[in-house]
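Novice: Predicted model follows, preceded by the sequence.
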Amino acid sequence: MSDITQYPHPIIAREGWFYLSLSVTAAVLATVFGAGAWAIPLWVIAIFVLQFFRDPARIPAADPRAVASPADGRVVFVGQAADPITGTDSLKISVFMNVFNVHSNRAPVAGQIKRVAYFPGKFFNADLDKASTENERNAIVIQDAKGRSLTCIQIAGLIARRILCYVQEGDSVQRGMRYGFIRFGSRVDIYMPVGSRPLVSLDEKVSAHSTALALWPDDAQDAGHANA
């Protein structure tokens, strides 16, 4: 079992330190040696790298029963679909990340990693539905303490060329724990059991760990009774 519990809160994602150091060093050298024509665009690049790899602290979704968003971005799909990993009918919610979103991915629920599966593929625009089945992607299946499972799939985009997943089968994760990263524009699909109640709608902007995407089936039923 891999140890992923010691990922500190870095403000800047650990994947970005090399790129940030490289871009800032180039900008500083251009400034020091008077290469004004190069200094300004290099500083712009350094600022872009800084904002892309930022990894801010997040307040968790208020409802502890909720399935939290695993990514920052915009909701591009909410509806019924077959889970491509388990083959079961599911509620699917897709979150599209552009290059200005935080790209650190977080576990949507607490539980145990039951499966990790990587699929090579193409690099269509991640905003398109066909990206879910044709693009390069990495899937994890998480089972919670009640035996309920969901599938979370990181999908590379038009520019994204690297999917990072830190977890292995058998690992335990807490809701909100960083479990992966996708570089430069991408998408995350979440497949939940039929009966889960969506809490977001198309084009809604969501934040990783802070936004509740849905309630599990029995939690959705409990919430319905409570609000009746």
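Specialist: Great, that's in hand.
Novice: Contacts only, for residue 76.
Specialist: 94-96, 127, 187, 202-203 (CB atoms under 8 Å, 6 or more residues apart in numbering). Backbone N, C-alpha and C define where each C-beta goes, glycine included.
Novice: of all those, which comes closest to residue 64?
Specialist: residue 95 (20.7 Å; CB to CB).
Novice: The closest one contacts residue 68, correct?
Specialist: No. Residue 95 lies out of contact with residue 68 (CB atoms under 8 Å); the separation is 11.2 Å.
Novice: the more surrounded of these two?
Specialist: residue 95 (29 against 26; other CB atoms under 10 Å).
Novice: My guess is residue 207 contacts residue 72. True?
Specialist: Yes. Contact criterion CB under 8 Å: residue 207 and residue 72 qualify, at 5.4 Å.
Novice: Need the residues touching each of the two.
Specialist: residue 102.
Novice: More neighbours: which of these two?
Specialist: residue 72 (25 against 19).
Novice: pretty sure residue 182 is in contact with residue 101, am I right?
Specialist: No. With contact defined as CB under 8 Å, residue 182 does not reach residue 101; the gap is 10.1 Å.
Novice: Who has more neighbours out of those two?
Specialist: residue 182 (28 against 22).
Novice: Could you give the bridge partners of the more buried one?
Specialist: residue 163 (DSSP bridges).
Novice: which of the contacts of residue 76 count as buried?
Specialist: Buried members of these, scored by 16 or more other CB atoms under 10 Å, are 94-96, 127, 187.
Novice: Output the lowest mean pLDDT helix or strand found in the protein.
Specialist: Ranked by mean pLDDT, DSSP states H and E, the weakest helix or strand in the chain is helix 217-227, scoring a mean of 59.
Novice: list the contacts for the closest residue in space to residue 89 that isn't next to it in sequence?
Specialist: Nearest non-adjacent residue to residue 89, counting by CB to CB, 6 or more residues apart in numbering: residue 194, 5.1 Å away. Neighbour list for residue 194: 80, 88-91, 217 [criterion: CB under 8 Å, 6+ apart].
Novice: same thing with residue 38?
Specialist: Listed by CB under 8 Å, 6+ apart, the contact set of residue 38 reads residue 30.
Novice: does it count as helix, strand or coil?
Specialist: Secondary structure, DSSP: H, G, I helix; E, B strand; the rest coil: residue 38 is helix.
Novice: so where's the protein uncertain?
Specialist: Within the chain, the stretches with pLDDT under 70 are 1-10, 121-131, 158-161, 184-185, 220-228.
Novice: how's it carved up into domains?
Specialist: When the chain is parsed with automatic domain parsing, its domains come out as 11-55, 66-227.
Novice: Phi first, then psi, for residue 46.
Specialist: With angles defined as degrees, to the nearest 10, residue 46 sits at phi -60, psi -40.
Novice: Distance of it relative to residue 141?
Specialist: Distance check for residue 46 against residue 141: by CB to CB, to the nearest Å, it reads 38 Å.
Novice: what do you get for residue 216?
Specialist: From residue 216 to residue 141 the distance is 15 Å (CB to CB).
Novice: ditto for residue 178
Specialist: 18 Å.
Novice: All set now, cheers.
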